[in-house]
Each structure stands twice: as C-alpha cells, then as structure tokens.
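Peer 1: Next come a sequence and a model predicted from it.
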Amino acid sequence: MNVVVVKTTTTSNFSKNLLTSPKVCAIIVLQGSHLYEQKGGNATMPRKKKITTFGDFVREKRMEKGMTARELAKALGISPVYMCDIEKNRSCAIDELLDKLILILALDESGTRQMYDLVAIARKSVSPDLHNYIMGRQLVQTALREANKHQIPDEKWEQFIREITAKEDE
C-alpha cells in the first residue's frame, strides 16, 4: 500500500496532473520502506528512512523480507497485537524473541548488533548480548566503572578495540 502526502498552498481540489499545478509544492510517497519525494516535476529521488528505534528496525526488516506483521507474529508465536505494539514502540520484545527474530529475519552480524543496540536503548539498559558477559566478569565491571569515572574518550576505546582485533588476526 502506498501513502501519498501532498502539500498545498490552499485547500482547493487538485487537477489530475498534480505536479503541474501551481498549488502543489511536493508529493511524498512511501513505497515499502523507502520514501520518494517529487517536487514540481523534478525526478523522483529515493531517500532511505533512518532507523532510530527497535520498532522501526523490526518493521523495516520484516518489510524487506516481504512479510506482513501478522505473518511475523505467527512465526514468532506471538499475537498480532503484541507485534503491533513492538513495531509502534509501545512494547519491546522479550529476550526469547530476539533469537527468533535473528533467524526469521535472517540478520547478519551487523544487523544483529544493530538490533541489540536498539533493544538496549528501548530498555535503557545494557545490550542483551553483553549483559551476561559483563555481569559474569568482575574485572569487566571494574574496567567499565573506571572508564566511566575517568570519561575515557572514544579514541582510547578505538585503540583498545584495534589491539583486541589485531591479536585475533595473529
């Protein structure tokens, strides 16, 4: 289903050829997960919607797979109402559903990390894939507290990550 938003300078009726009408400023069309904008006869240009919430992420990935919300709800074993609540950011998926989402939506490593980070933001907590690692290691907890206390800058963390990944490559 396409949603068309037409901005006008007046509230009068439009002619069939909307873009040639001086009353029309723009037409914005949402097709699937992509926004298309056309202004006064210019070529249509795709504009990707930025994913900022867990619900947006699930909806985007579901649509990329060509699934309806009802189909995804059934595959996850949840009610369509709960699925709607997740996509509208009224509820966040429980941990048991996250593993199922990874499989059903065929998320790669980057997509999985993005999903976990968006869940953490929604829950205002640590990313679900890191919780057990952090809580199971006193040294990690101490390191994070010290980093927070001393406001370690991103550059230092990037250096630390490079050192860890370099050791993996050896």
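Peer 2: Arrived safely.

Peer 1: domains in this protein, as residue ranges please.
Peer 2: Following automatic domain parsing, one finds the domains of the chain at 3-48, 54-132, 137-169.

Peer 1: In which helix or strand does the spatially most central residue of the chain reside?
Peer 2: The residue lying closest to the centre of the chain (C-alpha atoms, centre = their mean) is residue 57, at 2.8 Å. In this structure, residue 57 sits in helix 54-64 according to DSSP states H and E.

Peer 1: check which helix or strand covers residue 93.
Peer 2: Using DSSP H and E, residue 93 maps to neither a helix nor a strand.

Peer 1: What number of residues are in the vicinity of it?
Peer 2: Neighbour count of residue 93, defined by other C-beta atoms under 10 Å: 23. Yep, even glycine has a C-beta here, placed from its N, CA and C like the rest.

Peer 1: do the same with the one 5 residues further on
Peer 2: Taking other C-beta under 10 Å as the criterion, the count of residues near residue 98 is 18.

Peer 1: helices and strands around the helix holding residue 57, which ones?
Peer 2: Here helix 54-64 touches helix 69-76, helix 80-87, helix 109-123, going by 3 or more C-beta pairs under 8 Å, 6 or more residues apart in numbering; DSSP states H and E.

Peer 1: now the ones you listed as a markdown table including mean neighbour count and distance to residue 141?
Peer 2: As requested, those are exported to a markdown table (neighbours: other C-beta atoms under 10 Å; distance: least, C-beta to C-beta, whole Å):
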| stretch | mean neighbour count | distance to residue 141 |
| --- | --- | --- |
| helix 69-76 | 17 | 33 |
| helix 80-87 | 18 | 30 |
| helix 109-123 | 16 | 17 |
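
Peer 1: nearest to residue 164, of those helices?
Peer 2: Proximity to residue 164 (C-beta to C-beta) singles out helix 109-123 among those, at 15.7 Å.

Peer 1: what's the average pLDDT for the closest one?
Peer 2: Taken as a whole, helix 109-123 has a mean pLDDT of 95.

Peer 1: got it, and stretch 149-157?
Peer 2: 95.
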